[in-house]
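# Predicted structure and sequence below. I'll ask about it afterward.
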2 protein chains.
Amino acid sequence: MGTTQLETAPEPKYWHLKTVLSDALDSEFAVGEILPNERDLAARFGVARATLRQALEQLELEGRLQRRRGVGTTVAPPRVGVAADAEHAWPGTTADDWQPVGSAEAVPPAAVALLLGTGRDEVVHTVRRTRSSNGQPVAAELLYVPAAGVPGLDLPETASGPARALAVLGALQELRLEGHDRAVELGSARAEDAKQLDRLPGAPVLVVTTRYFADGRTAAVSVATYRADTCRLTFGEGDPVGLLAS
Amino acid sequence: MGTTQLETAPEPKYWHLKTVLSDALDSEFAVGEILPNERDLAARFGVARATLRQALEQLELEGRLQRRRGVGTTVAPPRVGVAADAEHAWPGTTADDWQPVGSAEAVPPAAVALLLGTGRDEVVHTVRRTRSSNGQPVAAELLYVPAAGVPGLDLPETASGPARALAVLGALQELRLEGHDRAVELGSARAEDAKQLDRLPGAPVLVVTTRYFADGRTAAVSVATYRADTCRLTFGEGDPVGLLAS
DNA sequence: TAGTGGTCTAGACCACCCT
DNA sequence: GGGTGGTCTAGACCACTAC
């Protein structure tokens, strides 16, 4: 045929929609503003609701929108930069933003047991903590501490959740941190984490796995799940994008 | 009613499906194995194809599956740990796994210009690189270098893409790196990155934004997008989960 | 050309929040 | 109770890959 290039790339509708909406958010909406509901928006753009939702999902993933069942869709504020350096996360330091929730004894998942170097069915201390920033929950952590890692820890059987957590954390404070390593990957929130993060199960999260070394062994392993929609993990001296406020 | 707790939590079908499939992957499938196609799977579980796809999407997000149009769905290998430390990423060092692709002059996006401290319409050097691991592309990087950051850089107008990239990188090698900071967040692959990563546009990626300091100023800003489905970013001494191989 | 995953539709019902 | 987003269905067609 004599046509030169016609119809180069049939861009998916939801992709185009996302671009249009994204531009509209920049120019016509303020942070916190409520968007029209999904049915109206779909009608306005002449697409099925499912197609519109595909675009909204992408925008939510990118932290541009916030959707809450029964409420509506609002324009999200810029992502919060949360410091994820070891200094800010080592359980042995008293950090205002980390809040102990509970503690128990349990057999860790196989992957964690490998990191800890504990036996297959060996029981370890677990501590649950939540981290908040500006009043919003940003992370839920599950900390695994082998009993051998905190010698001299004497737990009264009667200790309730938070009190028990504080006891374990206190024992960690006695240790001198010698090193750590860390990995960041994408995951989806398990039911328990989702509740603490005020999200639905399956919500995208950044999973930060940290191994802490002390006394020549692995003293603790932390698995922290951060809300991927609202958080930007920062490492190092400054806050790369936090300058936006200035 | 005399019922005590009936119907505690009507778990979504796709969520339950995901669990069932996940268990099946662990016990009945080997890495690389091909799953039945979506229509058959949906029929087998007695759900609509869209519902099945919702479960598959989650599993792909978690790096358990790999789906390719026209081919099928396969069981994904465990995520690759890729070192994301400054030492491994500073453009000034010769790294085998980073491959220069091209280079040009352009006005950076506003957010990047802020990090660089350049003017609103100031032109900077850009360099594109790709990173591979085990033959698979894992990251696409766009590097921004203000002209002031690389004094003495004399670019022949005739230089082609990769050659020009090497010239800019070579100029960076003259600098002494004084520090850096870094942020990690979730994003979706833009068209250009998606192509280099062998993924569809919109695919989930981990965006690593790094600011490099030299000579008392910001010498370069790197925006690297890593495939979120196949990568685990590692920081620090070891590879937290890499031991699994041992 | 046959088979796969990707996109899209037009409905329906459910769970949740607010008033 | 009325409105929102979340889940689910049963279809259709398209883009891509491999044979």
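It's in.

# use CA for all of it now, contacts and neighbours both
OK.

# got the phi/psi numbers for A:Asp229?
phi -80, psi -30 (degrees, to the nearest 10).

# what kind of secondary structure is the residue lying closest to it once chain neighbours are set aside in?
Nearest non-adjacent residue to A:Asp229, counting by CA to CA, 6 or more residues apart in numbering or on different chains: A:Gly63, 4.6 Å away. Assigned with DSSP: H, G, I helix; E, B strand; the rest coil, A:Gly63 falls in the coil class.

# contacting residues for A:Gly63?
Contacts for A:Gly63 were tallied using CA atoms under 8 Å, 6 or more residues apart in numbering or on different chains; they are A:Ala76, A:Pro78, A:Arg79, A:Ala228, A:Asp229, A:Thr230.

# which residues touch the helix or strand hosting A:Gln196?
Per DSSP states H and E, A:Gln196 falls inside helix A:191-197. Contacts to helix A:191-197, defined as CA under 8 Å, 6+ apart, come from residues A:Thr130, A:Pro137, A:Val138, A:Ala139, A:Ala140, A:Leu200, A:Pro201, A:Gly202, A:Ala203, A:Thr225, A:Arg227.

# same thing but at 10 Å, please
Residues from elsewhere that reach helix A:191-197 (CA atoms under 10 Å, 6 or more residues apart in numbering or on different chains): A:101, A:128-132, A:136-142, A:188-189, A:199-205, A:224-227.

# Columns distance to DNA strand C on top of the contacts of A:Gly63, output as a markdown table?
Converted to a markdown table, the contacts of A:Gly63 look like this (distance: CA to the nearest atom of the strand, whole Å):
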| residue | distance to DNA strand C |
| --- | --- |
| A:Ala76 | 16 |
| A:Pro78 | 22 |
| A:Arg79 | 22 |
| A:Ala228 | 20 |
| A:Asp229 | 18 |
| A:Thr230 | 19 |
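
# Would you mind putting these into TSV with neighbour count and secondary structure alongside?
What follows is the contacts of A:Gly63, written out as TSV (neighbours: other CA atoms under 10 Å in any protein chain shown; DSSP: H, G, I helix; E, B strand; the rest coil):
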residue	neighbour count	secondary structure
A:Ala76	22	coil
A:Pro78	17	coil
A:Arg79	18	coil
A:Ala228	28	coil
A:Asp229	26	coil
A:Thr230	26	coil
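
# and A:Gln66, what is it in contact with?
Each residue near A:Gln66 by CA under 10 Å, 6+ apart is listed here: A:32, A:34, A:56-57, A:59-60, A:72-77, A:229-230.

# Going by neighbour count, list what's buried in the helix or strand harbouring it.
Assigned by DSSP H and E, A:Gln66 belongs to strand A:65-68. Of all the residues in strand A:65-68, those buried under the rule 16 or more other CA atoms under 10 Å in any protein chain shown are A:Leu65, A:Gln66, A:Arg67.

# Please apply the same query to stretch A:46-54.
Using 16+ other CA under 10 Å as the test for burial, stretch A:46-54 gives A:Thr51, A:Leu52, A:Arg53, A:Gln54.

# quick one on the thing from earlier: can you select the buried ones from the contacts of helix A:191-197 in PyMOL?
Filtering the contacts of helix A:191-197 down to the buried ones (16+ other CA under 10 Å) takes a single PyMOL command:
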select buried, chain A and resi 101+128+129+130+131+132+137+138+139+140+141+142+188+189+199+200+201+202+203+204+205+224+225+226+227
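
# List the ones among the contacts of helix A:191-197 that fall in helices.
Among these, no member falls in helices (DSSP state H).

# Just the contacts of helix A:191-197: which are in strands?
Among the contacts of helix A:191-197, DSSP state E puts A:101, A:128-132, A:136-142, A:188, A:204-205, A:224-227 in strands.

# Name all residues that make contact with the nearest residue to A:Val208 once chain neighbours are set aside.
Leaving aside its sequence neighbours, A:Val208 sits nearest to A:Val184 (CA to CA, 6+ apart; 4.6 Å). Contacts for A:Val184 (CA under 10 Å, 6+ apart) come out as A:206-210, A:223-225, A:233, B:81-82, B:84, B:184-185, B:206, B:228, B:231-235.

# for A:Arg199, same thing?
Contacts of A:Arg199 by CA under 10 Å, 6+ apart are A:Arg67, A:Arg68, A:Pro137, A:Ala189, A:Ala191, A:Asp193, A:Arg227.

# got CSV for the residues you listed, with distance to B:Val112 too?
Formatted as CSV, these follow (distance: CA to CA, whole Å):
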residue, distance to B:Val112
A:Arg67, 28
A:Arg68, 31
A:Pro137, 28
A:Ala189, 31
A:Ala191, 37
A:Asp193, 33
A:Arg227, 24
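
# Tabulate the residues you listed (TSV), appending pLDDT and distance to B:Val124.
Below are the contacts of A:Arg199 laid out as TSV (pLDDT from 0 to 100; distance: CA to CA, whole Å):
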residue	pLDDT	distance to B:Val124
A:Arg67	96	38
A:Arg68	95	41
A:Pro137	89	39
A:Ala189	93	40
A:Ala191	87	46
A:Asp193	89	43
A:Arg227	94	34
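
# wait, doesn't A:Lys18 sit right on A:Ala55?
Yes - with contacts counted by CA atoms under 10 Å, A:Lys18 reaches A:Ala55, the gap being 4.9 Å.

# Next, see if the top helix by length along chain A gets close to chain B.
With secondary structure taken from DSSP H, chain A has its longest helix at helix A:13-28. Yes - using CA under 10 Å from any CA of the partner chain, a contact is recorded between helix A:13-28 and chain B, made by A:Trp15.

# List every C-alpha atom in the strand holding A:Gln66, with coordinates, as PDB.
Output in PDB follows, covering the C-alpha atoms of strand A:65-68 (Å, rounded to 0.1, in the frame of the first residue of the first chain):
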ATOM      1  CA  LEU A  65      -3.500   9.400  43.700                       C
ATOM      2  CA  GLN A  66      -5.000   7.900  46.800                       C
ATOM      3  CA  ARG A  67      -8.100   5.800  46.700                       C
ATOM      4  CA  ARG A  68     -10.200   4.800  49.700                       C
END
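
# Please tell me how far it is from the chain's geometric centre.
The chain centre lies 16 Å from the centre of strand A:65-68; the measure is CA atoms, centre = their mean, to the nearest Å.

# Direction included, what does it pair against?
Here strand A:65-68 has these sheet partners by DSSP bridges: strand A:72-75 (antiparallel).

# DNA strand D contacts on chain A?
A:10, A:35-39, A:50, A:67-73 (CA under 7 Å from any atom of the strand).
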